[in-house]
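S.K.: Curious how this folds, go ahead:
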Amino acid sequence: MNRILLIEDDKAVRDIIKEALADYIVIATDDTSDIFKLIKEHQPDLVLMDYILPNINGGELCHQIKVNPITAHLPVIIISGYPRILYSLGSYGCDAILEKPFDLPKLLETISAFDTYNIH
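M.R.: Alright, predicted model coming up:
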């Protein structure tokens, strides 16, 4: 499996990440209205999301995923330009945090660490 759900509100960043992850099937969106609908619809193997999102922060979305028994197994990576805030508030149960700006090799390395979840 190789499906990644990318939740990022900046279209330019979404496009760059999608291009960098060309070896994966990337479903990219800025929709934060119903994380469980997105997961059910797209069946991702990993969720990659920004921390600062419209209407809700990525930490809260991550927490929703991690406390739900149906989705708790999904690896979640949060990307953030405000890592100190994220670290001070807690990781929300995410599996990894990438600080913005990040280099693309670091993104690929972080995602490939989840190969044990059969995502690549």
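S.K.: ok, now which ones touch Ala12?
M.R.: Contacts for Ala12 (CB atoms under 8 Å, 6 or more residues apart in numbering) come out as none. C-betas here are computed from N, CA, C, even on glycine.
S.K.: Give me the local confidence score for it.
M.R.: On the pLDDT scale, Ala12 is placed at 93.
S.K.: you'd agree it is in a strand?
M.R.: No. Looking at Ala12 with DSSP: H, G, I helix; E, B strand; the rest coil, it is helix, so not inside a strand.
S.K.: and Pro44, which of the three is it?
M.R.: Pro44 - assigned by three-state DSSP - is coil.
S.K.: is the closest residue to it other than its chain neighbours in a bridge, and if so with what?
M.R.: Among residues not flanking Pro44 along the chain, Leu5 sits closest, at 3.7 Å (CB to CB, 6 or more residues apart in numbering). Legend: beta-bridge partners of Leu5 under DSSP bridges are Ile27, Val47.
S.K.: Hmm, Leu5 is touching His42, no?
M.R.: Yes. At 5.6 Å, Leu5 counts as touching His42 under the criterion of CB atoms under 8 Å.
S.K.: Show me which of those two is the more surrounded one.
M.R.: Ranked by neighbour count (other CB atoms under 10 Å), Leu5 and His42 place Leu5 first, with 24 against 14.
S.K.: any idea how far the more buried one lies from Cys94?
M.R.: Distance of Leu5 to Cys94, given as CB to CB, to the nearest Å: 14 Å.
S.K.: And Asp15, by the same measure?
M.R.: 23 Å.
S.K.: Looking at the two now, which is surrounded by more residues?
M.R.: Taking neighbours as other CB under 10 Å, Asp15 and Cys94 compare with Cys94 leading, 23 against 12.
S.K.: Am I right that the more buried one is in a strand?
M.R.: No. Assessed with three-state DSSP, Cys94 is coil; it does not lie in a strand.
S.K.: What pLDDT is listed against it?
M.R.: Confidence score, pLDDT, at Cys94: 90.
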